[in-house]
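*Asks:* Provided below are the primary sequence and the corresponding predicted coordinates.
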Amino acid sequence: MLPSDPLCRVLNVDLTRRRFWVTERPDLWEDGLGGAGVAIRLLEEECPPGADPLGPENPVIFAVGPLVGLFPMASKTVAMFKSPHTGNLGESHAGGRSAVAIRMAGYGAIVLRGASPTPIYLVVDGDEVYFRDASALWGLRSSATVGRVIREQERGAGIRTIMRIGRAGERGVTYACVVTETYRHFGRLGLGAVFGSKKLKALVVSGRRSLPVADRKAYREAYDAVFQAATQSPLMQKYHELGTAMNVLPLDSIGALPTRNLRSGRFEEAEAISGENLARNYLGRRVACAHCPVACIHLAALRLPYPNDPYFYKTVMLGYDHEPIYAVGSMLGISDVAGMLQVMDETETVGLDVMSTGVVLAWATEALERGLISLKETDGLALAWGDWETYVEAVRRIVDPPNDFYRALGRGVEYAASIYGGADFALAFGGNEMPGYHTGPAAHLTYLTGARHSHLDSAGYSLDQRAAAKGEVLTPEGVAEALREEERWRQVLASLVVCFFARGVYTPEVVTRTLAAAGIERSADDLARLGAETLARKQAFKSREGFDPARLRIPRRILETPSPLGGLEEGFLRQAIAQFFEQGSG
Amino acid sequence: MANRLAVVDVDRCVGCQSCMFACARRLGEGGLAGACIGVRSAGGIRRGFVVVVCRACPDPPCARVCPTDALIPRPPGGVRLRAELCIGCGNCVRACPFGAIFWDGGQNKPQICVYCGYCARYCPYGVLALEEVAHAAQ
């Protein structure tokens, strides 16, 4: 790292005592490179064993990497904390302006400790930190209003990040998210609830520093190569044309689009909720994260009439992607696009993770159908596939629960099924609700073995689809090995905080070249070692907090509904899990 | 003839800020401190973006309020900074209705677009273009 690079500065904030200080930790970046590699080291230091995820002892760590502010598509922030949703490793990544803002404020990481006794929002403006009263913002119905008010109060338009929570975070729903720049999220594993437990309504960060480079000419050349690849090559094309919503139809056509709580892998109305249809009839604007020319963020313009007031309309702009479309579209049997978008809008308003929300509601719908629960539990809501208006009401009740049933839903599908039954069709893996791919065994093995229980950990869905296309036969050993390799490499990307969508651009050679411009020498072997070590540290943290791969629950439903690669077998999955963790510890 | 930077179609702006980073990179550094162009939302990202950059006014107010004549009007429009004359009063920043005069906190002096067009080369969506302006044209 170059001597004048501010990356090694860690901003420490004690929310209890309202104090802040900066520590210089070049060792962290030397060993961990940035992002996930640094965050896991800070989590080891800061999070005591057995910490209560919603107690003041649970730290929140944000970390960025050396390429941020220097190269395009290195625009992610890694958040680490103990998850109130799974009771184990919490790790969530978001873009927007978050990473660039943290780096431009002059930090590589921010560590939040303790808990404020009263609602506050925190402003980091370069070297200055302000603890602002947020009692007037607490309890606001819409997370969008929180963003607007802070936008009008604080400096840094255009270069700031405003990370905020909605009521779901305030109320401690364990899958509450943190929204940043309106359309990006630290979505999964409940960072929003951790913010809420600290009475932290928002975190604003801004700054405009310069960053040194090792060699100006080499820097510009490396930059142009990455920029060309980002804007011209077919690698990024799908993200900026239809966006991730382009996955809906191909997944449906092979029978891999989870539909109605995964009773089926096909949705007869998939065309309606497809990326193609959304682009044709709703796409209103495309936007980008800071320093990313790809602009994968697709906003739907939804024009809604007021039913009883002629000539009154409102137009809302809503972000859509494959995952929310799956979670509150096909998973809930909703084919009315405007209705689906309104369910998404409600989850944004209250600040819930849309993926967990959709899976929880799908389980509740099936549980009601099967008579495990009645209208008494649902507070009179007759949850039914496709009935989006009732689902909007249900989302509100998860955040303002009228009874124990909705309180249980607010802790996730794993917990709800443990009280009301129906675990066979409760689609959670390691405690985290299912993503939108039923492509075959590798997808589910990613959910089971991934350190975050996220489809992004090792992208098994891509392995399945490749096997299906090539007619390859997957073996437990082969899948375990491939997923482990992929998850290790993704630790490198997550340490550089390069967007996973840009993984085709940032090959090991490109990573080495771009790092050299930042004055950091790392060979492909060094990177491979870093990836393996970061993953091992995350797994060690999980073991310390009680994770046992042998106790992973495999919901029966994924074995019952055929995948494009045929029916899945529990034996195959168990064998691959064992293999994955046996190899992973080596 | 001289050049100026034109915001051709702000509705195509996705807010990627590639132009801002390009402007800083022109000086051979990373980050944003050197940027003389800014992109911000038009009151929330849902409303789109505003691109803030010197439009090279024919009769620039920033030059008229400069007490030391450090900002020299450039025919047919825009200004050139003579840094050795600048006392860092910031009058120019307040005089520009677009907010297109950025501030170099280290030097305590304004930083203003030099109409080189480097940023436009990195705009993937055709928002920015370097255009020629004729003398005496308004």
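*Replies:* Yep, that arrived.
*Asks:* My assumption is that A:Met163 lies in a helix; please confirm.
*Replies:* No. According to DSSP: H, G, I helix; E, B strand; the rest coil, A:Met163 belongs to no helix; its state is strand.
*Asks:* what's the burial count for it?
*Replies:* By the other C-beta atoms under 10 Å in any protein chain shown criterion, the neighbourhood of A:Met163 contains 31 residues. Placement of C-beta: from N, CA and C, glycine included.
*Asks:* ok, now how distant is it from A:Gly187?
*Replies:* 12 Å (C-beta to C-beta, to the nearest Å).
*Asks:* In contact with A:Gly169, which residues?
*Replies:* The contact partners of A:Gly169, taken as C-beta atoms under 8 Å, 6 or more residues apart in numbering or on different chains, are A:Ala176, A:Cys177, A:Val178, A:Gly192, A:Ala193, A:Phe195, A:Gly196, A:Gly351.
*Asks:* Just read off the phi/psi values of the last one.
*Replies:* Phi and psi for A:Gly351, reported as degrees, to the nearest 10, are phi 80, psi 50.
*Asks:* How about it, nearest residue that isn't a chain neighbour?
*Replies:* What sits nearest to A:Gly351 in space, not counting adjacent residues and going by C-beta to C-beta, 6 or more residues apart in numbering or on different chains, is A:Gly166, at 2.4 Å.
*Asks:* I'd say the one you found and A:Ser142 touch.
*Replies:* Yes. Applying C-beta atoms under 8 Å, one finds A:Gly166 in contact with A:Ser142, separated by 7.1 Å.
*Asks:* Between the two, tell me which one has more neighbours.
*Replies:* Taking A:Gly166 and A:Ser142 together and counting by other C-beta under 10 Å, A:Gly166 has the greater number of neighbours (29 against 16).
*Asks:* For that one, give me the pLDDT.
*Replies:* With respect to pLDDT, A:Gly166 has a value of 98.
*Asks:* remind me, longest helix of chain B?
*Replies:* Longest helix of chain B, by residue count under DSSP state H: helix B:18-25.
*Asks:* Now find how far off-centre it is within its chain.
*Replies:* 12 Å (C-alpha atoms, centre = their mean, to the nearest Å).
*Asks:* got the buried residues for it?
*Replies:* Along helix B:18-25, these residues count as buried under the neighbour rule (16 or more other C-beta atoms under 10 Å in any protein chain shown): B:Ser18, B:Cys19, B:Met20, B:Phe21, B:Ala22, B:Cys23, B:Ala24, B:Arg25.
*Asks:* Grab the nearest non-local neighbour of the second one.
*Replies:* This points to B:Cys19. If you skip the residues right next to it in sequence, B:Cys19 has B:Cys119 as its closest partner in space, 3.8 Å away by C-beta to C-beta, 6+ apart.
*Asks:* Help me confirm that the one you found comes into contact with B:Arg25.
*Replies:* No. With contact defined as C-beta under 8 Å, B:Cys119 does not reach B:Arg25; the gap is 9.5 Å.
*Asks:* and the residue of chain B nearest chain A?
*Replies:* Closest approach between chain B and chain A, counting by C-beta to the nearest C-beta: B:Arg40, at 2.9 Å.
*Asks:* what's near enough to touch A:Leu283?
*Replies:* When contacts are counted by C-beta under 8 Å, 6+ apart, A:Leu283 is found next to A:His298, A:Leu299, A:Ala300, A:Ala301.
*Asks:* So what sits opposite it in the bridge?
*Replies:* The residues paired with A:Leu283 through beta bridges, assigned by DSSP bridges, are A:Ala300.
*Asks:* before we move on, the earlier item: got any residues that touch both of A:Met163 and A:Gly187?
*Replies:* Counting by C-beta under 8 Å, 6+ apart, the shared contacts of A:Met163 and A:Gly187 are A:Ala94.
*Asks:* ok, for the residue sitting furthest away from the middle of chain B, nearest residue in space, not its chain neighbours?
*Replies:* Among the C-alpha atoms of chain B, the one farthest from their average position, using C-alpha atoms, centre = their mean, is that of B:Arg46, at 24.5 Å. Here the nearest residue to B:Arg46 in space, its sequence neighbours aside, is A:Met317; by C-beta to C-beta, 6+ apart that works out to 3.9 Å.
*Asks:* same question, A:Asn403
*Replies:* Excluding the flanking residues, the one nearest A:Asn403 by C-beta to C-beta, 6+ apart is A:Asp379, at 6.0 Å.
*Asks:* Surely the one you found is within a strand?
*Replies:* No. Under the criterion used here (three-state DSSP), A:Asp379 is coil, not part of a strand.
*Asks:* residue contacts, it?
*Replies:* If you count contacts by C-beta under 8 Å, 6+ apart, A:Asp379 has them with A:Arg397, A:Pro402, A:Asn403, A:Phe405, A:Tyr406.
*Asks:* where are the low-confidence patches of chain A?
*Replies:* Segments of chain A classed as low confidence (criterion: pLDDT under 70) are A:583-586.
*Asks:* Equivalent analysis for chain B, please.
*Replies:* Where chain B drops to pLDDT under 70, the residues are B:136-138.
*Asks:* tell me which parts of it are close to chain A?
*Replies:* Proximity of chain B to chain A is confined to B:14-18, B:21, B:24-25, B:28-35, B:38-41, B:43-46, B:48, B:52, B:122, B:124-125 under the rule C-beta under 8 Å from any C-beta of the partner chain.
*Asks:* and the residue in chain A positioned nearest to chain B, what does it touch?
*Replies:* The shortest separation between chain A and chain B is 2.9 Å, found at A:Gly158 (distances taken as C-beta to the nearest C-beta). Applying C-beta under 8 Å, 6+ apart to A:Gly158 gives the contacts B:Gly38, B:Val39, B:Arg40, B:Ser41, B:Val52.
*Asks:* Give me the neighbour count for A:Asp525.
*Replies:* The number of residues packed around A:Asp525, counting by other C-beta under 10 Å, is 9.
*Asks:* My reading is that the residue farthest from the centre of chain B is in a helix; is that accurate?
*Replies:* Yes. Assessed with three-state DSSP, B:Arg46 lies in a helix.
*Asks:* now it: how far from A:Arg151?
*Replies:* As judged by C-beta to C-beta, B:Arg46 and A:Arg151 stand 12 Å apart.
*Asks:* A:Gly50 now?
*Replies:* Between A:Gly50 and A:Arg151 the distance, using C-beta to C-beta, works out to 39 Å.
*Asks:* more neighbours, these two?
*Replies:* Comparing A:Gly50 with A:Arg151 by neighbour count (other C-beta under 10 Å), the higher total belongs to A:Arg151, at 18 against 11.
*Asks:* Name the SS class of that one, please.
*Replies:* Of the three states, A:Arg151 takes helix under three-state DSSP.
*Asks:* That one is in contact with A:Ala157, isn't it?
*Replies:* Yes. Taking C-beta under 8 Å as the definition, A:Arg151 is a contact partner of A:Ala157 at 7.4 Å.
*Asks:* which residues does the residue farthest from the centre of chain B contact?
*Replies:* Neighbouring residues of B:Arg46 by C-beta under 8 Å, 6+ apart: A:Thr182, A:Arg285, A:Leu299, A:Val316, A:Met317.
*Asks:* What about those residues, which one has the most neighbours?
*Replies:* Counting neighbours by other C-beta under 10 Å, the top entry in the contacts of B:Arg46 is A:Thr182, with 25 neighbours.
*Asks:* Let's verify it: helix, strand, or coil?
*Replies:* Using three-state DSSP, the secondary structure recorded for A:Thr182 is coil.
*Asks:* Then A:Tyr121?
*Replies:* Secondary structure, three-state DSSP: A:Tyr121 is strand.
*Asks:* so the spatially closest residue to A:Pro258 that is not a sequence neighbour is in which element?
*Replies:* The shortest distance from A:Pro258 to any non-neighbouring residue, by C-beta to C-beta, 6+ apart, is to A:His438 (5.0 Å). Of the helices and strands defined by DSSP states H and E, none includes A:His438.
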